[in-house]
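Visitor: following is a predicted model, sequence given first.
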Amino acid sequence: MAVQNTMITTAFELPGYRIVKNLGMSRGIIVRSRSIIGTIGGGLQTILGGNITLFTSLCERARADAFELMAKNAEAMGGNAVIGVRYDATGVGSGITEVLAYGTAVVVEKI
């Protein structure tokens, strides 16, 4: 089980809790590629313009997977919360994207 979503924030504190231990950076990284079918379908959607739902779904899944890996990493480090969460994405190659979710794993206790 990973750190609960309610204990993960982009802020540097959790209201109602105090940080009792800083465990360091927790990260989750995922590298995804588009399938040939997704590439063709996305290409067809670009002709019509607007939101390219196939690519949006791919990006959302990659972010969710990176987030979950980060939460699991924080728990493996002994944390029960993650603060200062950020995302980063980089194109690794044609149709290949790396998504990184990272933050500071901490131990918090209720005030």
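Guide: Looks like it arrived, so ask away.
Visitor: can you tell me the SS state at the residue nearest the centre of the chain?
Guide: By C-alpha atoms, centre = their mean, the chain has its centre lying nearest to residue 67, at 2.9 Å. Secondary structure assignment for residue 67 (DSSP: H, G, I helix; E, B strand; the rest coil): helix.
Visitor: is it true that it touches residue 28?
Guide: Yes - because the distance of 6.4 Å satisfies C-beta atoms under 8 Å, residue 67 is recorded as touching residue 28. Yep, even glycine has a C-beta here, placed from its N, CA and C like the rest.
Visitor: anything in contact with each of those two?
Guide: Listed as contacting both residue 67 and residue 28 by C-beta atoms under 8 Å, 6 or more residues apart in numbering are residue 101.
Visitor: next helix or strand past whatever helix or strand residue 88 lives in?
Guide: Here residue 88, judged by DSSP states H and E, is contained in strand 81-93. Per DSSP H and E, strand 81-93 leads on to strand 96-110 as the next helix or strand towards the C-terminus.
Visitor: who's in contact with the residue nearest to the centre of the chain?
Guide: By C-beta under 8 Å, 6+ apart, residue 67 lies in contact with 8, 28, 101.
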